[in-house]
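Visitor: got a sequence here, can you build the structure:
(chains A and B)
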Amino acid sequence: MSAANLADTQTSRPAASAVPVGPGRVPWQREAIGIVVGFALLALLPLIFTDSYSRHVLIMVFIYAIVASNWDLSLGYGGIFNFGHIALFGIGVYAYSLLTKLAGLDPWVAMAASGAVAVVAAVAITIPILRLKGIYIILVTFGFAQLVMQIILSQSDYTGGTQGIVRIPSLYIFDHNMVRDGKFAYFYIALALLAASTVFLRAFVRSRTGIGIVALRDNEEYAVSRGISLVRQRLITLAASAFFTGVAGAFYAAYQRNASVEVFSMSLGTIILSMVLLGGTSTIYGAIIASFVLTVFSEAMADFGAWRPIITAVLILVVMLAYPGGIVGMLKSAMAVFSRRTSARKS
Amino acid sequence: MALLELDDVSKAFGSLKAVDGVSFKVEAGEIFGIAGPNGSGKSTLFNVITGIPFGPDRGTIRFDGTPIQGLRGHRIARLGLARTFQRETSFDGLTVFENALMGSSFGAASQPSASAREAAAEALEFVGLGAENFGRPAGELSVFQRKCLMLATAIAMKPKMLLLDEPASSLTKPEIDSTIELIRRTAARGITILLIEHVLTFLMSLSQHLLVLNQGTMLALGEPRTVIADERVIEAYLGTRRAAA
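Guide: Predicted structure coming up:
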């Protein structure tokens, strides 16, 4: 770029409002249409899958998708290695169980309150990691998850300890029978939660606060020099990633009607983390797609027994080696090839 | 009243005094240059003033009448003190436009979205990154473009004062000329400029006052012509360069 070039552009200034986004950023109207169409298609699935088992698998997909996509907010966008994310889900499970069983709260109110409890817990995790970096954040957040689990185990009078909690009140819709409808109602509640979570996450990452989170991840000192507060942004990031994670935990408790400390286990954490990574980080959609792919794949291979996790692990490795951007990266390069072919055909 | 006023500012790393008893004033509207050989404490001085990543051990720094030593970096930035970094720096995961939007959104008191977008676009156009660049990922830009982008994100903050850390480093001769021109135009917007360089000709052509640092201490301060005629400066800075050449 020359000095002449610099002087030239000074005179011709287009309206700022006309150029907010460019290639690589889809206008929000188009994305909104995509979300509506996508969820409308998902809403048709119970018509195809009429048996309650398939619907159960889909409900689990939706729960995983909420937890994984919210983790993508803190891990992918924020670059904060919050290994306590699964604990936020577990806190949702136990908050709902205790609020409904012990406090006798209305299940729907308890579900929203569980989201709020998870947000409070996320703020509590954030405070000790505010000025930490990288591996130290993993250490503290992982410790937090273990701490929560130990507290739940030790308070067995309320939490049932290792026995867990059973007969947790389920959700209700007027007088609809939630048990004998082939999981019809639960399917749509789970789908609605995923839709609400996805709209929230996408709106958030497109907002200036959301862009600020990425700025802080990309270069902390530079971001601070532009007036971005590290403390404020970290608190917002973790709090925002916690609400629907907690709600998903509450929904899971209401749906399964029992709770155990299994929800804090490494194995669940590993499954969700592999969904975040396999899908492609910093996309939100990637984690959701990967939740489908991994869960359905795992179900399809039910006959392989012990080989199942091994085959799944190899598949994840192959995809990640070929496409470090995960499934979304794979789809993007496929689309790039496709558009190149069509443009070549035109010329 | 001076816009920026340092009084006996010091910063040590263990036994190394990186900045040692530095005092000077920068008047509103001027271009103030800081020279010194590598390792003379120029960049540390910038870090200490902006609180990124640390403030001074000792001394006071007043910006626009407010003591800023001990304030967090983002607070100092929001008071209207913007800085650039020596290495070309950008938010690679964001587009060019989003980079500038960060400056205009967070760099001043809370801005409504429309005016922040306006300020970001204006700053980008000002440094020569036209609308055709707005949607490009910042990581794709050339070194010079990234330096211009870094300046644009600072200008988008609408700062009172801009601290430029070796804006000419790793640039070609024509790019350096463009940079000089750009700094002049930035100053013409009413932004006071504090400029670090070790290329003296660059500083001479721009600054009204010149401070020379050596091993963290002030060697000379004053009119650029008087300063470079100072024997101690020639000895510590120019003398060694001539001897080496």
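
Visitor: list the buried ones in stretch A:236-251?
Guide: Using 16 or more other C-beta atoms under 10 Å in any protein chain shown as the test for burial, stretch A:236-251 gives A:236-251. (Each C-beta comes from the backbone N, C-alpha and C, glycine too.)

Visitor: hmm, I typed the wrong one, I wanted stretch A:122-132.
Guide: For stretch A:122-132, by 16+ other C-beta under 10 Å, it's A:122, A:125, A:126, A:129, A:132.

Visitor: can you name the residues in contact with that stretch?
Guide: If you take C-beta atoms under 8 Å, 6 or more residues apart in numbering or on different chains as the criterion, stretch A:122-132 is touched by A:80, A:82, A:84, A:88, A:136-137, A:140-141, A:144, A:230-231, A:234-235, A:238-239, A:241-242.

Visitor: residue A:221 and residue B:85 touch, don't they?
Guide: Yes. Counting by C-beta atoms under 8 Å, residue A:221 touches residue B:85, with 7.5 Å between them.

Visitor: before we move on, which element is the residue nearest the centre of chain A in?
Guide: In chain A, the C-alpha nearest the mean C-alpha coordinate belongs to residue A:69, at 1.9 Å (C-alpha atoms, centre = their mean). Element membership of residue A:69, judged by DSSP states H and E, is helix A:52-72.

Visitor: coming back round to it: who has more neighbours out of residue A:221 and residue B:85?
Guide: residue B:85 (20 against 17; other C-beta atoms under 10 Å in any protein chain shown).

Visitor: report how many residues lie close to the nearest residue to the more buried one once chain neighbours are set aside.
Guide: Sequence neighbours aside, residue B:165 is the residue nearest to residue B:85 in space, at 5.7 Å (criterion: C-beta to C-beta, 6 or more residues apart in numbering or on different chains). If you count neighbours by other C-beta under 10 Å, residue B:165 ends up with 22.

Visitor: hmm, back to that, out of the buried residues of stretch A:122-132, which comes closest to residue B:97?
Guide: Residue B:97 has its nearest neighbour among the buried residues of stretch A:122-132 in residue A:126, at 29.6 Å by C-beta to C-beta.

Visitor: off-centre distance for the helix or strand hosting that closest one?
Guide: Using DSSP H and E, residue A:126 maps to helix A:107-129. Put simply, helix A:107-129 sits 15 Å off its chain's centre (C-alpha atoms, centre = their mean, to the nearest Å).

Visitor: report how many residues lie close to residue A:345.
Guide: Neighbours around residue A:345, by other C-beta under 10 Å: 7.

Visitor: I'd like the distance between it and chain B.
Guide: 26 Å (C-beta to the nearest C-beta, to the nearest Å).

Visitor: quick check, pLDDT for that residue.
Guide: Reading off the confidence values, residue A:345 has pLDDT 71.

Visitor: what of residue A:96?
Guide: Listed pLDDT for residue A:96 reads 98.

Visitor: re earlier: the helix holding residue A:126 vs helix A:52-72, what angle?
Guide: Put simply, helix A:107-129 runs at 30 degrees to helix A:52-72, going by axes from the mean of the first three to the mean of the last three C-alpha atoms, to 10 degrees.

Visitor: for the helix or strand encompassing residue A:35, which helices and strands make contact with it?
Guide: Element membership for residue A:35, per DSSP H and E: helix A:28-43. Using 3 or more C-beta pairs under 8 Å, 6 or more residues apart in numbering or on different chains; DSSP states H and E, the elements in contact with helix A:28-43 are helix A:184-206.

Visitor: which ones, among the contacts of stretch A:122-132, also lie beside chain B?
Guide: Among the contacts of stretch A:122-132, proximity to chain B is found for residue A:230 (C-beta under 8 Å from any C-beta of the partner chain).

Visitor: looking at the contacts of stretch A:122-132, which are in helices?
Guide: Using DSSP state H, the members of the contacts of stretch A:122-132 that fall in helices are A:88, A:136-137, A:140-141, A:144, A:230-231, A:234-235, A:238-239, A:241-242.

Visitor: between the residues you listed, which sits nearest residue B:223?
Guide: Closest to residue B:223, out of all of the ones in helices among the contacts of stretch A:122-132 and judged by C-beta to C-beta, is residue A:230, at 40.7 Å.

Visitor: wait, residue B:45 sits on residue B:21?
Guide: No. The pair residue B:45 / residue B:21 is not scored as a contact, 11.7 Å apart, by C-beta under 8 Å.

Visitor: so which bits of the stretch 101-250 of chain A are right by chain B?
Guide: Listed as neighbours of chain B in the stretch 101-250 of chain A under the rule C-beta under 8 Å from any C-beta: A:208, A:211-212, A:214-215, A:217-219, A:221-230.

Visitor: tell me which of those fall in helices.
Guide: Reading helices off those with DSSP H, I get A:208, A:211-212, A:214-215, A:217-218, A:221-225, A:230.

Visitor: just to revisit the earlier point, which one of residue B:45 and residue B:21 has more residues nearby?
Guide: Neighbours per residue (other C-beta under 10 Å) separate residue B:45 from residue B:21, with residue B:45 holding more: 27 against 15.

Visitor: list the contacts for that one?
Guide: Neighbour list for residue B:45: B:9, B:11, B:19, B:22, B:34, B:196, B:213 [criterion: C-beta under 8 Å, 6+ apart].

Visitor: could you do residue B:61 as well?
Guide: Residues in contact with residue B:61 (C-beta under 8 Å, 6+ apart) are B:4, B:5, B:6, B:7, B:9, B:48, B:49, B:55, B:67, B:68, B:69.

Visitor: can I get those in JSON lines including secondary structure, distance to residue B:76 and pLDDT?
Guide: As requested, the contacts of residue B:61 are exported to JSON lines (DSSP: H, G, I helix; E, B strand; the rest coil; distance: C-beta to C-beta, whole Å; pLDDT from 0 to 100):
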{"residue": "B:4", "secondary structure": "strand", "distance to residue B:76": "11", "pLDDT": "97"}
{"residue": "B:5", "secondary structure": "strand", "distance to residue B:76": "14", "pLDDT": "96"}
{"residue": "B:6", "secondary structure": "strand", "distance to residue B:76": "13", "pLDDT": "97"}
{"residue": "B:7", "secondary structure": "strand", "distance to residue B:76": "17", "pLDDT": "96"}
{"residue": "B:9", "secondary structure": "strand", "distance to residue B:76": "14", "pLDDT": "96"}
{"residue": "B:48", "secondary structure": "helix", "distance to residue B:76": "11", "pLDDT": "96"}
{"residue": "B:49", "secondary structure": "helix", "distance to residue B:76": "8", "pLDDT": "97"}
{"residue": "B:55", "secondary structure": "coil", "distance to residue B:76": "9", "pLDDT": "93"}
{"residue": "B:67", "secondary structure": "strand", "distance to residue B:76": "11", "pLDDT": "96"}
{"residue": "B:68", "secondary structure": "coil", "distance to residue B:76": "5", "pLDDT": "96"}
{"residue": "B:69", "secondary structure": "coil", "distance to residue B:76": "9", "pLDDT": "93"}
